[in-house]
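A.B. asks: Quick one: sequence and predicted model below, then my questions.
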Amino acid sequence: MTLQTKKSVQALQWTGNSLNVLDQRQLPDTLVYDDYNDAAGVFEAIATMRVRGAPAIGIAAAYGVALSVIQHFAVTPANWQQKVADDIVQLAKSRPTAVNLFWALEQMKALLGQSLTNPPLAFIECAVKIHTDDIAANIKMGELGADLLAGVKGVMTHCNTGALATGGYGTALGVIRSATQRQSLNVYAGETRPWLQGARLTVWELAQDEIPVTLLADSAAAWLMKSGAIDWVIVGADRIAANGDTANKIGTYSLAVLAKQHGVNFMVVAPTTTIDWAIQNGDQIEIEQRNQNELLPACYNKAGSLVSAWNPVFDVTPAELISAIVTERGVVLNPTEQGMRGIR
Ligand code: MRU
């Protein structure tokens, strides 16, 4: 079965014994893949945001564990499990918010306790399954989300939630892809400061698929909604709590507040691997703070500077501001803890 759409870019390519990672920091100017042979390399690729986006982070980490098994089973067959367990602990420290990372590592870790005739092959197969299951979930969500957009004229998205951020196809961008196959749609993308995932990645990815898109400064969103051009805001998620509170790229909460003010619907699209059933609400989600130098002009980046920067890279949108959470198991309208239980 071919799950990948013919034109979608691939963030991650498993070669059989190494992982090719598209360096997303260099897009859209340069399309270059780095080849990784061990878990330490994959850790670095995630932490430095060569690969980013919650599902893609989880998939990369799973391949990182497979690489660890290949390496340690060959070099230290007597205690390869301990070495792999150490690598799993390290991979879990690469980024804190996307729960897909911890979910994928748990799937791989579960294999460590099993008696396996061919451990490298078993771990590779598990990672590949995590990857292909994610693509299948995206395609299902694309259809379910597109059902909600019948007759809709304008949508706005935030960050990058496409093939670059997932196993392929995308979550929020997957819904937009599917919807544009059914109807004409005006697609707007916020630039997504400070990393510019919208300006560098989303508009590039849509253009690759020949889907027209209009880029706007994040601060222009209120004025765009006021114009009446937007019917739905559609975003992805890094972690969804049991009550539907959703952590996603910084600026998502602002868009949800603006959507409420302007009578615009708000859709979150994420596979169930993004739901953290262990936490009751969004207050329990760790929000990643990245280095202030990602924001701070270089002239202030010195000892004794009076200027510092605050750089949280996610925020939490309360469930009450969300019109629909779309997963591969179904759609939860006006999410509450009870409604979310229906897709558990
Ligand atoms: O910091 P990033 O680029 O990893 O953040 C990505 C996002 O916030 C996405 O919206 C989210 O991971 C969903 S991707 C399908």
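C.D. replies: Okay, I see it.
A.B. asks: Could you use CA atoms for every contact and neighbour count after this?
C.D. replies: OK.
A.B. asks: Find the nearest non-adjacent residue to Arg50, please.
C.D. replies: Spatial nearest neighbour of Arg50, excluding adjacent residues (CA to CA, 6 or more residues apart in numbering): Asp23 at 4.4 Å.
A.B. asks: so who does that neighbour touch?
C.D. replies: Applying CA atoms under 8 Å, 6 or more residues apart in numbering to Asp23 gives the contacts Leu31, Val32, Tyr33, Asp34, Met49, Arg50, Val51.
A.B. asks: which residues does Gln284 contact?
C.D. replies: Neighbours of Gln284 in contact, by CA under 8 Å, 6+ apart: none.
A.B. asks: How much space separates it from Phe123?
C.D. replies: 31 Å (CA to CA, to the nearest Å).
A.B. asks: isn't Phe102 right up against Gly58?
C.D. replies: Yes. The criterion here is CA atoms under 8 Å, and Phe102 meets it with Gly58 at 7.2 Å.
A.B. asks: Which positions in stretch 216-223 come out as buried?
C.D. replies: Within stretch 216-223, the residues scored as buried using 16 or more other CA atoms under 10 Å are Leu216, Asp218, Ala221, Ala222.
A.B. asks: Could you tell me the end-to-end distance of that stretch?
C.D. replies: Stretch 216-223 end-to-end distance (CA to CA) = 11 Å.
A.B. asks: can you check stretch 209-217 too?
C.D. replies: End-to-end span of stretch 209-217 (CA to CA): 22 Å.
A.B. asks: if we can go back for a sec, quick one: which of the buried residues of stretch 216-223 is nearest the ligand?
C.D. replies: Asp218 (14.3 Å; CA to the nearest ligand atom).
A.B. asks: And the pLDDT at the residue nearest to the closest one when sequence neighbours are not counted?
C.D. replies: Distances taken as CA to CA, 6+ apart put Gly190 closest to Asp218, at 5.1 Å, once the chain neighbours are dropped. pLDDT recorded at Gly190 is 98.
A.B. asks: One more: Ser8?
C.D. replies: pLDDT at Ser8 comes out at 80.
A.B. asks: What helix or strand is it located in?
C.D. replies: Per DSSP states H and E: Ser8 is located in neither a helix nor a strand.
A.B. asks: Enumerate every residue touching it.
C.D. replies: Ala163, Gly168, Tyr169, Glu205, Gln208, Asp209.
A.B. asks: let's see 7 Å
C.D. replies: Contacts for Ser8 (CA atoms under 7 Å, 6 or more residues apart in numbering) come out as Ala163, Gly168, Tyr169, Asp209.
A.B. asks: what about Ala62, distance to Ser94?
C.D. replies: Distance from Ala62 to Ser94, by CA to CA: 13 Å.
A.B. asks: the more surrounded of these two?
C.D. replies: Ranked by neighbour count (other CA atoms under 10 Å), Ala62 and Ser94 place Ala62 first, with 33 against 19.
A.B. asks: Name all residues that make contact with that one.
C.D. replies: Ala104, Leu105, Met108, Ala127.
A.B. asks: Farthest-apart pair in the residues you listed, please.
C.D. replies: Maximum pairwise distance in these, criterion CA to CA, is 9.7 Å, between Leu105 and Ala127.
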